[in-house]
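Asker: Provided below for reference: sequence and predicted model.
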Amino acid sequence: MPDFNAFGGSTNNQCPLLDINPAPDFDTNPQDGIVDAESATLVGRVPREIPGKPGYFVCAIAPAGGYVRVRKSAGGFANMQVAFAYSAEAPNTYVTCGAGGFLYKLGAINAAGDAGTDVCIACLRGSYATSGATLCQPCEAGQYQDQMGQKACWPCQYGYAAIEGAQRCMACFYGRAYCSEGYSPNENLFTCNSARLPSGYSPEGGYAIVRPFTDPTNIDNAMKYSPMFNSCSVTSAETLIGFNVSAECKVDMYVMGDLGINGNICSANAALNSISAHYTAPNVLAGLSTKGSGDNQVGVFGALGPAGFTSTVFAASKKAAITKDVSLPTNTLLGLTFTGWAYLGGGDNGLGQNAGVRGVAADPCPPGSLKQMLNGDGVTNPGEDPNLLLSEYCVPCGPGVYCDESVNVTPQNCPAGTYGAVIGAKSSAGCMECPIGTYQEMDGQFDCQVCPVNTFASAPGSTSCLSCGDGYEVSTTGSNICNACPAGKFRDSALSETCQECPAGTSSGEAASQCNVCLPGSYSATPKSFVCTECPRGSYQSKYGAKQCLQCSKGTYQDTRAAAKCKVCPVGSYNPTEGAVSSTACL
């Protein structure tokens, strides 16, 4: 037997297989390194030299990402009730999985030609692996892999993009996808027309405006995890939802023209309340990255059919299990509005049809949007030719304006004193008054300006801020009132922006524009005095702005307060002390 012990190691660098199955077996000689039981659970091991102890080894479980090569023997086992046996090759041979394959199992073994042993698994399409991988990695966004067992992903050609783990590249031009040439057109699941953009066209995002055809189900459940449903009113009656489609097939969905519910804003913060997804195929929309309430994320899946998008919104989490109160999905049917210019699908489905849903082309655009000519072929009516691009779209009205249903050509500016933060505002109700302490002097703006220091706006909807006068200040920007300088301070608006301390020798009352100099017979010993103090009896002060009073000298006295000078003792008398308060001190 090898001279192996737990801490000293062994001079034998040959590691036998390890059977970790506690079930009884028929191994007649467990020490010979040959595991000859069909019930065995085998673990491959490899020798590792002990650091600092040359020539001594320990047997370590073979790492994931490869396997230990073993031999399989069958028959010829006298007095043994087994059909075959395994033994590790000598010396031990560890084989690393090649690039494009992976093996996540520890202690894996492989016998040539034996399907019952471990093998490296080829990476699926949309993923790759370098050599010795324990798992395959998904292709990064902007790359794809349409074959199995690959060591790398390929970049999408210019103008095309893909989400993480993509098997092909797509590009949405005005809401329609064009597949890259790198994707095989023979697939049944994702058959795309490989037509390229016509010469002279550049990648550009598209738009669609949809509406719910049915009220969302389980809305109370959705409000607990989705900001959109908690902040916005989503009903089949009048809700419009904007679809912004990027050149990379990403779709941002947000409610248009909604001022908000439950004390929350909706379309005034469309980004916060939006749900994002990607066209993963021309007729499939999916996403699992939108931030929800707490640790939740908002997932969405939509399948496009002749009636529209049958969409499902649900709570998801990468940190913890979904709680019961948010476990129910929310379903609704989304479709195009009855007017305007738009496609709903992500691209052509290879049959010259836009996933069975025709584009809408009829005046006017829905309220909250306006018609806009985009880079295209000049065709007004959406066609079914995958080589033609739509030229006109109904684009949601941006911030600072609203698109009245009666005036559908030119957006109307929000007037001065208001701001338009609402995306897709349908009327002037989307223009909100500037709050107290702010103003807006221009029209068509999406926010208000904060009143600067020493100005104020005391009423909502102000177009300018008023300056604080002498003796008043505003301590912070955005105030709704001027504050009077407290007693002992002053403010001359031509000299300072804030109330200043009156120095010693002066004083001031509340809301003073200047400090009052102490008169003769009075003083103030410290700054911020709100009144000058009269000199007490036995003292005087003949100067203006004095910080203290002086005692009457010998031979004088003062029997009144606030005196500017002392009285002299009568002729023939004398006062030998200082600070006398009466003529009786004169002897």
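Answerer: Nice, thanks for sending it over.
Asker: in stretch 332-339, what's buried?
Answerer: Residues of stretch 332-339 classed as buried by neighbour count (16 or more other C-beta atoms under 10 Å): Thr332, Leu333, Leu334, Gly335, Leu336, Thr337, Thr339. For glycine as for every other residue, the C-beta is placed from the backbone atoms N, C-alpha and C.
Asker: pretty sure the fourth one is touching Gly308, no?
Answerer: Yes - in this structure, Gly335 sits in contact with Gly308. The criterion is C-beta atoms under 8 Å, and the distance is 3.2 Å.
Asker: Between these two, which contacts overlap?
Answerer: Listed contacts common to Gly335 and Gly308 are Val210, Phe213, Leu344; contacts here mean C-beta atoms under 8 Å, 6 or more residues apart in numbering.
Asker: re earlier: between the buried residues of stretch 332-339, which is nearest Ile436?
Answerer: The nearest member of the buried residues of stretch 332-339 to Ile436, counting by C-beta to C-beta, is Thr337 at 38.3 Å.
Asker: Please pull up the helix or strand immediately following the helix or strand encompassing Ser276.
Answerer: Assigned by DSSP states H and E, Ser276 belongs to strand 275-281. Later in the chain than strand 275-281, the nearest helix or strand by DSSP H and E is strand 284-291.
Asker: any idea which helix or strand comes after the least confident helix or strand in the chain by mean pLDDT?
Answerer: Taking mean pLDDT, DSSP states H and E as the measure, the helix or strand of the chain with the lowest value is strand 176-177, at a mean of 48. Using DSSP H and E, the helix or strand that follows strand 176-177 in sequence is strand 206-212.
Asker: Let's see if you can find the most crowded of the shared contacts of Gly335 and Gly308.
Answerer: Counting neighbours by other C-beta atoms under 10 Å, the top entry in the shared contacts of Gly335 and Gly308 is Leu344, with 25 neighbours.
Asker: Low-confidence stretches in the stretch 401-550 of the chain?
Answerer: 405-409, 475-480 (pLDDT under 70).
Asker: same deal with the stretch 251-400 of the chain?
Answerer: 282, 343, 345-359, 361, 373-392.
Asker: Apply 50 and report the result again.
Answerer: Confidence mapping of the stretch 251-400 of the chain against pLDDT under 50 gives the ranges 348-356, 375-390.
Asker: Now do the strands in it.
Answerer: 275-281, 284-291, 297-305, 308-316, 330-336, 340-342, 360-362, 369-373, 392-396 (DSSP state E, counting those that start in this stretch).
Asker: Out of those strands, which is closest to Lys489?
Answerer: Lys489 lies closest, by C-beta to C-beta, to one member of those: strand 284-291, at 48.6 Å.
Asker: helices and strands around the closest one, which ones?
Answerer: Judged by 3 or more C-beta pairs under 8 Å, 6 or more residues apart in numbering; DSSP states H and E, the packing partners of strand 284-291 are strand 275-281, strand 297-305, strand 308-316.
Asker: Can you tell me the element Pro47 falls in?
Answerer: Remark: Pro47 resides in strand 45-49, with elements defined by DSSP H and E.
Asker: State the paired neighbours of that strand in the sheet, together with their directions.
Answerer: strand 57-61 (antiparallel) (DSSP bridges).
Asker: Please spell out which residues along the partner strand are buried.
Answerer: In strand 57-61, counting by 16+ other C-beta under 10 Å, buried: Phe57, Val58, Cys59, Ile61.
Asker: Just give the closest residue to the second one, not the sequence neighbours.
Answerer: Spatial nearest neighbour of Val58, excluding adjacent residues (C-beta to C-beta, 6 or more residues apart in numbering): Gly9 at 5.0 Å.
Asker: I'd say Thr310 and Ala303 touch.
Answerer: Yes - the pair Thr310 / Ala303 is scored as a contact, 5.4 Å apart, by C-beta under 8 Å.
Asker: if I look at the two, which residues touch both of them?
Answerer: With C-beta under 8 Å, 6+ apart as the test, Thr310 and Ala303 reach no residue in common.
Asker: Okay, and the beta partners of the residue nearest the centre of the chain?
Answerer: The centroid of the chain falls nearest to Lys291 when counting by C-alpha atoms, centre = their mean (7.1 Å). Listed by DSSP bridges, the beta-bridge partners for Lys291 are Gln297.
Asker: Dump the strands of the stretch 251-400 of the chain into CSV; add distance to Phe446 as well.
Answerer: Below are the strands of the stretch 251-400 of the chain laid out as CSV (distance: least, C-beta to C-beta, whole Å):
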stretch, distance to Phe446
strand 275-281, 22
strand 284-291, 23
strand 297-305, 26
strand 308-316, 28
strand 330-336, 27
strand 340-342, 24
strand 360-362, 29
strand 369-373, 16
strand 392-396, 14
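Asker: Give me whichever of those strands is most buried.
Answerer: Highest mean neighbour count of these: strand 340-342, a mean of 27 (counted as mean count of other C-beta atoms under 10 Å).
Asker: ok, it: who's next to it in the sheet?
Answerer: strand 360-362 (antiparallel).
Asker: circling back: quick one: which two of the buried residues of strand 57-61 are the most distant?
Answerer: Phe57 and Ile61 (14.0 Å).
Asker: and the helices and strands packed on strand 284-291 as CSV, adding distance to Ser467?
Answerer: Converted to CSV, the helices and strands packed on strand 284-291 look like this (distance: least, C-beta to C-beta, whole Å):
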stretch, distance to Ser467
strand 275-281, 46
strand 297-305, 48
strand 308-316, 52
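Asker: Any idea which of those strands gets closest to Leu495?
Answerer: Here strand 275-281 is closest among these (C-beta to C-beta), at 54.8 Å.
Asker: For that closest one, enumerate the helices and strands it packs against.
Answerer: strand 250-255, strand 284-291, strand 297-305.
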